[in-house]
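J.: no sequence on hand, only this structure:
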Ligand SMILES: O=C(O)c1cc(=O)[nH]c(=O)n1[C@@H]1O[C@H](COP(=O)(O)O)[C@@H](O)[C@H]1O
């Protein structure tokens, strides 16, 4: 079984380490000339994969924008995840789940089990019910060669209220980083990644010893810049997977414009060819 980080490194080496964030809100659908309906969402998803599925390494659909259309929207999301896989890209399903016990196990089964309708290569999870409560997702991810990205230092300004709070002499964000390091060491497979925003002057946590993937939102529309990533992440820069949503999808729906923008963004990643594993 090839682990998530190895799969990510392989596709990133071939295509560039860029994750495309897919948040099809009504304004974006309208800008693409589509109705804010499940069939508009379906056409959007198809056009997106046709334009970028074989070009970029990772695509991250945000579940809420599909859930808003109920079962019809979930069906579109299922097809989108399958289409991303067929195009050779990896999917990160952005669900930011976090629960306890058998409920967390059920979430893990829903998104990380082989053959589940909504299974993705990786998901986002929230550790604020306690890092250990996420263990069922970590276990299933390791078992199935998938990944789990834990929110640690998010890009939004409100995040610091919790994530920079001090506990036993260090930040909550640092506590999450340290627990992720320990959990990856315990499983022997770096299936656990972290979400760390690019919008900060300094991160408030030390990532030097972290060996998983670091998903980095906040670039473009939220003010973060590709050129700042090496300084911001220091020795952990090689683990960074930059994520761009609005800044890229705003170039649609024209297929060539989307592809050109993706090439431009990949070119902006400092030393774009690299991606450690
Ligand atoms: O988990 C995420 O993807 C995420 C974490 C975070 O700290 N900040 C953040 O903006 N995101 C997501 O990134 C997407 C927005 O990306 P942009 O359109 O590039 O700003 C949304 O789906 C957010 O939920």
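T.: Received the coordinates, thanks. The model shown is predicted, which means the values in this text are computed figures rather than measured ones.

J.: what does the stretch 1-150 of the chain put close to the ligand?
T.: Contact residues (C-beta under 6 Å from any ligand atom) of the stretch 1-150 of the chain with the ligand: 21, 23, 62, 94, 124. Where you see a C-beta, it was placed from the backbone N, CA and C, and this is true even at glycine.

J.: mind redoing it with 8 Å?
T.: 21, 23, 60, 62, 92, 94, 96, 124, 149 (C-beta under 8 Å from any ligand atom).

J.: quickly list what the last one is bridged to.
T.: Listed by DSSP bridges, the beta-bridge partners for residue 149 are residue 124, residue 193.

J.: these two touch, right, it and residue 196?
T.: No - assessed by C-beta atoms under 8 Å, residue 149 is found out of contact with residue 196, at 9.8 Å.

J.: identify the contacts common to the two.
T.: Shared contacts of residue 149 and residue 196 (C-beta atoms under 8 Å, 6 or more residues apart in numbering): residue 215.

J.: compare those two (neighbour count), which wins?
T.: Using other C-beta atoms under 10 Å, the more surrounded residue of residue 149 and residue 196 is residue 196, with 31 against 25.

J.: setting aside sequence neighbours, what's the nearest residue to that one?
T.: Using C-beta to C-beta, 6 or more residues apart in numbering and skipping the chain neighbours, the partner closest in space to residue 196 is residue 153 (4.8 Å).

J.: for the one you found, give me phi and psi.
T.: phi -140, psi 90 (degrees, to the nearest 10).

J.: distance check, it against residue 182.
T.: Separation of residue 153 from residue 182 (C-beta to C-beta, to the nearest Å): 18 Å.

J.: neighbour-wise, which of these two wins?
T.: Using other C-beta under 10 Å as the criterion, residue 153 and residue 182 rank with residue 153 on top: 25 against 12.

J.: now do the contacts for that one.
T.: Residue 153 sits in contact with 159, 163, 173, 195-197, 200, 203-205, where contact means C-beta under 8 Å, 6+ apart.

J.: and it, how close does it get to the ligand?
T.: 8 Å (C-beta to the nearest ligand atom, to the nearest Å).

J.: per-residue pLDDT, that residue?
T.: Per-residue pLDDT puts residue 153 at 98.

J.: check this structure for the residue nearest the ligand and tell me.
T.: residue 245 (2.7 Å; C-beta to the nearest ligand atom).

J.: tally of neighbours for that residue?
T.: Applying other C-beta under 10 Å, I find that residue 245 has 22 neighbouring residues.

J.: that one reaches residue 221, doesn't it?
T.: Yes - between residue 245 and residue 221 there is a contact under C-beta under 8 Å: 6.9 Å.

J.: I'm done for today, thanks for sticking with me.
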